[in-house]
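Student: sharing a model that was predicted from the sequence below.
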Amino acid sequence: MASSGEETSGGSPGRAGTGTEPPCPEPAVAQLDGAEDFEVLEEDEDDLSELPPLEDVGRARGPLRENARPSEQDPGEAVEDPQEWLDVLGSGLLKKKTLVPGQGVESRPHKGQEVTVRLRATLEDGSVVEENPSLTFTLGDCDVLQALDLCVQLMEMGETALIVSDAKYCYGAQGRSPDVPPNAALTLEVELLEARDGPDLELLSGKEKIGLANRKRERGNFYYQQADYVLAINSYDIALKVISSSSKVDFTPDEEAELLDVKVKCLNNLAASQLKLDHYEAALKSCNLVLEHQPGNIKALFRKGKVLAQQGEYREAIPILKAALKLEPSNKTIHAELSKLVKKHADQKTVETEMYRKMLGNPSTGSAPVKCKDKLPWSIPWKWLFGATAIALGGVALSVVIAARN
């Protein structure tokens with residue numbers, strides 16, 4: 001899937017997810033302090049304000065909207081000569097126009113390569129929100145604005161292009177504080193300066209691999225905050241691929257420990273994104289991978305319990321949530337979730353008991369049948385009386401038949 005927008009400090013639309021560029025924090029993805037807070041993971045039904053959050057993720061700003069509306073009009077050049085504009089997606093929401101031709105189609109970059117571009121981004125009123133003379137990113141890895149990633153794949157080396165994009169492929173309904181308003185369309189002027197093969201993961205040092213994996217993870221956090229869980233999963237998967245890649249370089253014990261920490265964070269956040277998409281089996285697998293490394297990881301325990309509860313496996317979910325509660329006895333969210341599951345499990349058992357009664361032909365009422373008070377201890381059961389009467393009548397009939405024959 002195509003990449004989407006990247007936020008950096010100082011109003012930058014994106015920093016590259018490469019092995020050579022230092023990580024850059026994003027305003028929309030607030031860093032937490034050393035003590036982990038809790039974040040709402042289920043916005044509609046449950047109050048999970050005390051639940052372990054996505055690692056290093058701040059709360060989203062404002063309501064999200066699934067589809068942003070296209071801008072009502074493009075810049076003047078697009079209106080004057082629309083034939084020169086390429087409708088990249090066929091929807092009118094993303095257009096590209098060549099200002100300075102490049103070196104030919106064969107010079108276009110490929111996915112996986114590191115590209116360097118000159119970028120200038122403006123709002124519809126002409127306000128400049130970004131100007132970067134040398135922005136480097138991995139093409140196709142969801143490291144930058146989706147509008148930029150999609151269109152650079154169509155550019156030739158040395159080409160300068162104008163890109164007009166709807167907010168959907170930039171900063172969406174949230175915008176980027178303080179310079180990009182919500183649902184703001186952007187105009188990007190881009191020059192493709194360089195394209196080269198990406199780094200060999202086997203040759204990365206421990207520090208470089210940690211930095212690259214963290215940048216991919218932070219990009220996944222950005223998409224999670226934008227409620228784009230598919231792209232979030234994509235970024236977490238790329239980070240895990242970086243961490244799990246073989247290496248020809250020896251790492252120090254501290255680097256190994258840090259890589260494991262990043263891996264656990266990616267898996268936890270991956271499980272949270274998969275839960276948002278109701279991909280329960282995948283989320284369960286992610287939680288189990290975390291628990292293989294850290295059996296007492298409260299986030300993984302809680303999410304595993306949530307997955308099993310969503311699948312109706314209350315018997316299995318309850319002890320897992322009890323284990324999480326034992327680690328965090330004061331966590332009100334786990335208390336509430338556990339109480340809810342216990343009640344659901346009791347209701348489930350009642351329904352199953354009623355079903356078994358019906359299958360066995362027993363009455364559904366819980367009260368036992370009332371015995372007749374007038375019944376004496378020596379009373380002969382009616383079934384015995386009926387049987388004896390039948391035998392007697394049969395004997396009489398047989399005697400009559402024999403007498404008739406004689």
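Tutor: Arrived safely, thanks for sending.

Student: so Asp228 versus Ser273, what's the distance?
Tutor: Counting by Cβ to Cβ, to the nearest Å, the gap between Asp228 and Ser273 amounts to 9 Å. In short, each C-beta sits where N, CA and C put it, glycine included.

Student: for this structure, which element, helix or strand, carries the lowest mean pLDDT?
Tutor: helix 76-80 (a mean of 40; mean pLDDT, DSSP states H and E).

Student: strand partners (parallel or antiparallel) of the next helix-or-strand element following that one?
Tutor: Counting by DSSP states H and E, the next helix or strand C-terminal to helix 76-80 is strand 86-87. With DSSP bridges as the test, strand 86-87 is paired with strand 94-100 (antiparallel).

Student: sorry, back to before: who has more neighbours, Asp228 and Ser273?
Tutor: Ser273 (26 against 23; other Cβ atoms under 10 Å).

Student: how about that one, what does it touch?
Tutor: Counting by Cβ atoms under 8 Å, 6 or more residues apart in numbering, Ser273 touches 220, 224, 229, 232-233, 236.

Student: repeat the analysis, applying 6 Å as the threshold.
Tutor: 224, 229, 232-233 (Cβ atoms under 6 Å, 6 or more residues apart in numbering).

Student: got a winner among the residues you listed for most neighbours?
Tutor: Ala232 (29 neighbours).

Student: number of nearby residues for the residue lying closest to that residue once chain neighbours are set aside?
Tutor: With Cβ to Cβ, 6 or more residues apart in numbering as the criterion, Ala232 has its nearest non-adjacent residue at 3.9 Å, and that residue is Tyr223. By other Cβ under 10 Å, 23 other residues sit near Tyr223.

Student: secondary structure element for the residue nearest the centre of the chain?
Tutor: Centroid check for the chain by Cα atoms, centre = their mean gives Ser273 as the closest residue, at 1.2 Å. Using DSSP H and E, the element containing Ser273 is helix 253-276.

Student: which strands or helices does the helix or strand just after that helix pack on?
Tutor: With elements assigned by DSSP H and E, the helix or strand that comes after helix 253-276 is helix 280-293. On a contact count with 3 or more Cβ pairs under 6 Å, 6 or more residues apart in numbering; DSSP states H and E, helix 280-293 meets helix 253-276, helix 298-310.

Student: give the buried residues for helix 280-293.
Tutor: 280, 282-284, 286-287, 289-291 (16 or more other Cβ atoms under 10 Å).

Student: tilt between the longest helix along the chain and helix 298-310?
Tutor: Longest helix in the chain by number of residues, with DSSP state H as the criterion: helix 332-359. Going by axes from the mean of the first three to the mean of the last three Cα atoms, to 10 degrees, helix 332-359 is angled at 20 degrees with respect to helix 298-310.

Student: show me the shaky parts of the stretch 251-400 of the chain.
Tutor: 347-349, 351-352, 356, 361-388, 396, 400 (pLDDT under 70).

Student: re earlier: give me the buried positions along the longest helix of the chain.
Tutor: 333-334, 337-338, 341, 345.

Student: what's the answer for stretch 312-327, then?
Tutor: For stretch 312-327, the neighbour count (16+ other Cβ under 10 Å) marks 314, 317-318, 320-321, 323-325 as buried.

Student: what's the closest of these to Asp125?
Tutor: Closest approach between those and Asp125, by Cβ to Cβ: Ala324, at 50.3 Å.

Student: so which strand or helix has the closest one?
Tutor: Per DSSP H and E: helix 314-327 holds Ala324.

Student: return the angle between stretch directions for that helix and helix 298-310.
Tutor: 160 degrees.

Student: contacts for helix 314-327 next, please.
Tutor: Against helix 314-327 from outside (Cβ under 6 Å, 6+ apart): 296, 298, 301-302, 304-305, 308-309, 334, 338, 341, 344-345.

Student: could you redo the last one with a cut-off of 10 Å?
Tutor: With Cβ atoms under 10 Å, 6 or more residues apart in numbering as the test, helix 314-327 has contacts from 51-52, 287, 291, 295-311, 313, 331, 333-335, 337-349.

Student: please state the offset of that helix from the chain centre?
Tutor: 22 Å (Cα atoms, centre = their mean, to the nearest Å).

Student: report pLDDT for the residue nearest to Leu86 when sequence neighbours are not counted.
Tutor: Once flanking residues are discounted, Leu86 sits nearest to Lys96: 4.7 Å by Cβ to Cβ, 6+ apart. Looking at Lys96, its pLDDT is 96.

Student: ok, back up a step: quick one, which of the helices and strands packed on helix 280-293 is nearest to Ala404?
Tutor: Of all the helices and strands packed on helix 280-293, helix 298-310 sits nearest to Ala404, with 78.1 Å by Cβ to Cβ.

Student: for that closest one, what is the distance to the chain centroid?
Tutor: So, by Cα atoms, centre = their mean, the centroid of helix 298-310 is 14 Å from its chain's centroid.

Student: just the buried positions in it, please.
Tutor: So for helix 298-310, counting by 16+ other Cβ under 10 Å, buried means 298-309.

Student: about what we covered before: got a list of what the residue nearest to Leu86 touches?
Tutor: Contact analysis of Lys96 by Cβ under 10 Å, 6+ apart lists 84-88, 147, 150-152, 154-155, 161-165, 188, 190.

Student: out of those, which are inside strands?
Tutor: 86-87, 161-165, 188, 190 (DSSP state E).

Student: and those residues as CSV, adding neighbour count?
Tutor: Formatted as CSV, these follow (neighbours: other Cβ atoms under 10 Å):
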residue, neighbour count
Leu86, 13
Asp87, 12
Ala161, 23
Leu162, 21
Ile163, 28
Val164, 26
Ser165, 26
Leu188, 23
Val190, 23
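
Student: pull the most distant pair out of those residues.
Tutor: Going by Cβ to Cβ, the pair spanning these furthest: Asp87 and Val190, at 17.2 Å.

Student: send over stretch 180-189 as CSV, restricted to the C-alpha atoms.
Tutor: Listed next in CSV are the C-alpha coordinates belonging to stretch 180-189 (Å, rounded to 0.1, in the frame of the first residue of the first chain):
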residue,chain,number,x,y,z
VAL,A,180,-1.6,22.7,9.2
PRO,A,181,-5.3,23.0,10.0
PRO,A,182,-7.6,20.0,10.0
ASN,A,183,-8.8,18.8,6.6
ALA,A,184,-6.3,21.0,4.8
ALA,A,185,-5.3,20.4,1.2
LEU,A,186,-1.6,20.9,0.4
THR,A,187,0.3,21.9,-2.7
LEU,A,188,3.8,20.3,-2.9
GLU,A,189,6.6,21.4,-5.1
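
Student: all set now, cheers.
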